[in-house]
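In: dropping a prediction and its sequence here:
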Amino acid sequence: METFTESLKNFYNTISAGLGNWGLQLIGAIAALIIGLWVIRMVMNGISKVFEKRTIDETLQPFLLTTLGFILKLLLIISIAGIVGLPMASFAALLAGVGLALGAAFNGSLGHIASGVMLLIFRPFKVGDLIKTNGAFGFVKEISVFVTVIETFQNETEIIPNSAITANKITNLTKIGNLRIDMPFAIRYGADITKAKEIVMNILKNDANVLKNGNVAPRVAVNNLGENSVELLALPYVDCNNYWDVFWDTRQKIVEALGNAGYEAPLPQRVVTMTK
């Protein structure tokens with residue numbers, strides 16, 4: 001009986017010692033995780049401020065910060081595994097297995113990452129550019145690992161997966177630095193074309209948002225001879241930020257000026273000849 005009692009005591013002491021050691025390791029791991037995440041957050045804030053002071057390209061900043069944050073958190077997890085007492089070889093094999101499982105589960109996400117890298121390497125656009133892609137039309141606000149964020153003229157935020165962008169047409173309206181807005185308008189046959197062109201040209205020259213120097217000087221030209229009218233085309237060049245101001249306001253000024261000058265709307269007309 002004494003031998004059995006002694007065996008139970010030894011078993012209890014062993015279990016207690018094991019639980020005590022494991023409990024201390026678990027507490028240490030939790031404390032290390034909390035402190036480590038706090039340190040990583042402070043480090044990332046510091047790196048972000050350094051990027052801003054060093055004027056690092058805004059296109060690269062989100063991508064670099066996300067990548068650095070991932071690496072630091074991975075190192076933290078490896079360190080915590082050492083505190084708990086997991087063998088590094090076994091832990092590395094576990095990470096590899098988890099990585100393969102996640103890769104299979106998030107195959108599309110890996111495609112987004114690859115597309116994000118392609119966007120950063122080939123640079124079809126950068127943060128601040130005005131682009132058209134995937135049905136979105138607006139300014140690029142961020143290029144991250146997985147998605148590109150576009151702010152439209154309606155103040156809508158379009159979040160587009162990177163793979164969807166690289167798989168479709170990209171129109172960069174900022175690449176050259178200015179845009180030409182084609183504004184068609186029509187006058188009746190028999191109306192004074194030269195005077196109409198002068199009226200429209202004066203509007204373009206007096207518009208503060210229309211560029212006027214060198215190769216981007218505005219022009220007015222005859223574009224087409226329609227069935228009922230002569231179609232003319234106003235061709236102002238503008239800065240990307242003033243696109244809609246000219247697109248809407250200048251077009252209205254043209255219509256009003258032609259109306260005040262006596263140019264009537266070129267409504268459909270028919271010439272009827274009667275014979276006996």
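Out: Structure's in. What do you need?

In: where does pLDDT dip in the chain?
Out: 1-29, 51-52, 54-61, 63, 82-112, 276 (pLDDT under 70).

In: mind listing the strands for it?
Out: With strands called from DSSP state E, the chain shows them at 130-133, 136-143, 147-152, 157-161, 170-172, 179-180, 183-188, 210-211, 219-225, 229-235, 237-238.

In: what's the fifth one in contact with?
Out: Applying Cβ atoms under 8 Å, 6 or more residues apart in numbering, the contact partners of strand 170-172 are 124, 125, 129, 130, 131, 132, 133. Where C-beta positions appear, they are placed from N, C-alpha and C, glycine not excepted.

In: 7 Å instead, please
Out: Applying Cβ atoms under 7 Å, 6 or more residues apart in numbering, the contact partners of strand 170-172 are 124, 125, 129, 131, 132, 133.

In: then the third one?
Out: Residues outside strand 147-152 that contact it (Cβ under 7 Å, 6+ apart): 112, 136-142, 157-162, 165.

In: note down every partner strand of it and its orientation.
Out: strand 136-143 (antiparallel), strand 157-161 (antiparallel) (DSSP bridges).

In: turn those strands into TSV, including distance to residue 206 and mean neighbour count.
Out: Output for the strands paired with strand 147-152, formatted as TSV (distance: least, Cβ to Cβ, whole Å; neighbours: other Cβ atoms under 10 Å):
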stretch	distance to residue 206	mean neighbour count
strand 136-143	28	19
strand 157-161	36	15
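
In: how about those strands, which one is nearest residue 251?
Out: If you check each of the strands paired with strand 147-152 against residue 251 by Cβ to Cβ, strand 136-143 wins as the nearest, at 18.1 Å.

In: who's in contact with that closest one?
Out: 59, 62-63, 116, 119-120, 125-131, 148-153, 158, 160.

In: kindly report the same for stretch 262-274.
Out: Under Cβ under 7 Å, 6+ apart, the answer for stretch 262-274 is 186, 187, 188, 191, 196, 228, 229.

In: top of those by neighbour count?
Out: residue 196 (22 neighbours; other Cβ atoms under 10 Å).
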